[in-house]
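Engineer: For reference, the sequence and a predicted model appear below.
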Amino acid sequence: MQIQNWVWVALVLVLTGCRSQNSGIELKFSEQDIRDKLEKKFPKIEKIYGVVPVTIEKPEVSFVEGEERFKLKLMARVDIPLKGSYHAMLTMRTGVLFDQKNKALQLTEIEVEEIEASKLPKKYESALSLLATVLAQKYLDGQEVYRLKETDLKKKAARYLIQNIQVKDDHLVVTLGL
């Protein structure tokens, strides 16, 4: 009986050792990598009250060391007929998830944190805030930032689980493993 217990302990130690040696595959993305991917989705034009066009463009990505989410800023231009153009900066926070069906990393849980709008008439601020939230969900939630390639056998074996997501050394580091 005692030998059987030692066999189980040895088996657990071997399996634990194998798992700790296989730390997974690290994918690293710079702010520019993600910005380049997102820029393909913009500019977008939507309308407030069905009349006032709002152009959303120029995504900016910034990482915060040690976090699993990052900031995303978009420039908004509101063109009010007979009044002129007004600019606003929309600041959002987003996470990343792994979509198993598409084998891709996607943006998720996008939250509008702040809207900086100088000189924009007060009556348009709440509409712009609502529009920013709708646009974030419509154009950014589920936006692919990286797709695993079937030809890469190493990544193919490790594509099913995200072990960790963290900003480290000015990169978004996603660790995949079994």
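Structural biologist: On my side now, so go ahead.
Engineer: Sheet-wise, list the partners of the strand or helix carrying Leu74 with their directions.
Structural biologist: Assigned by DSSP states H and E, Leu74 belongs to strand 70-80. Pairing partners of strand 70-80, with direction, according to DSSP bridges: strand 52-63 (antiparallel), strand 84-99 (antiparallel).
Engineer: Give me the neighbour count for the nearest residue to Thr55 once chain neighbours are set aside.
Structural biologist: Nearest residue to Thr55, sequence neighbours excluded (CB to CB, 6 or more residues apart in numbering): Arg77, at 4.5 Å. In this view, the C-beta of every residue, glycine as well, is placed from N, C-alpha and C. By other CB atoms under 10 Å, 16 other residues sit near Arg77.
Engineer: hang on, the earlier thing: give me the buried stretch members for the strand holding Leu74, please.
Structural biologist: By neighbour count on 16 or more other CB atoms under 10 Å, the buried set for strand 70-80 is Phe70, Lys71, Leu72, Lys73, Leu74, Met75, Ala76, Arg77, Val78, Ile80.
Engineer: Just put the residues you listed in TSV and tack on distance to Lys40.
Structural biologist: Shown next, in TSV, are those (distance: CB to CB, whole Å):
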residue	distance to Lys40
Phe70	18
Lys71	20
Leu72	14
Lys73	17
Leu74	14
Met75	16
Ala76	18
Arg77	19
Val78	23
Ile80	29
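Engineer: for those, which one is nearest Gly95?
Structural biologist: Ranked by distance to Gly95 (CB to CB), the buried residues of strand 70-80 are led by Phe70 at 8.3 Å.
Engineer: what residues are up against the residue lying closest to that closest one once chain neighbours are set aside?
Structural biologist: Spatial nearest neighbour of Phe70, chain neighbours left out: Phe63 (4.9 Å); criterion: CB to CB, 6+ apart. With contact set as CB atoms under 8 Å, 6 or more residues apart in numbering, Phe63 has these partners: Glu31, Phe70, Lys71, Val167, Asp170, His171, Leu172.
Engineer: can you do 6 Å?
Structural biologist: Glu31, Phe70, Val167 (CB atoms under 6 Å, 6 or more residues apart in numbering).
Engineer: Ok, Asp99 next?
Structural biologist: Taking CB under 6 Å, 6+ apart as the criterion, Asp99 is in contact with Gln106.
Engineer: Backbone dihedrals for the most centrally placed residue in the chain, both of them.
Structural biologist: By CA atoms, centre = their mean, the chain has its centre lying nearest to Leu107, at 3.4 Å. Backbone torsions of Leu107, given as degrees, to the nearest 10, read phi -70, psi 150.
Engineer: Please verify my assumption that it contacts Tyr139.
Structural biologist: No - with contact defined as CB atoms under 6 Å, Leu107 does not reach Tyr139; the gap is 9.8 Å.
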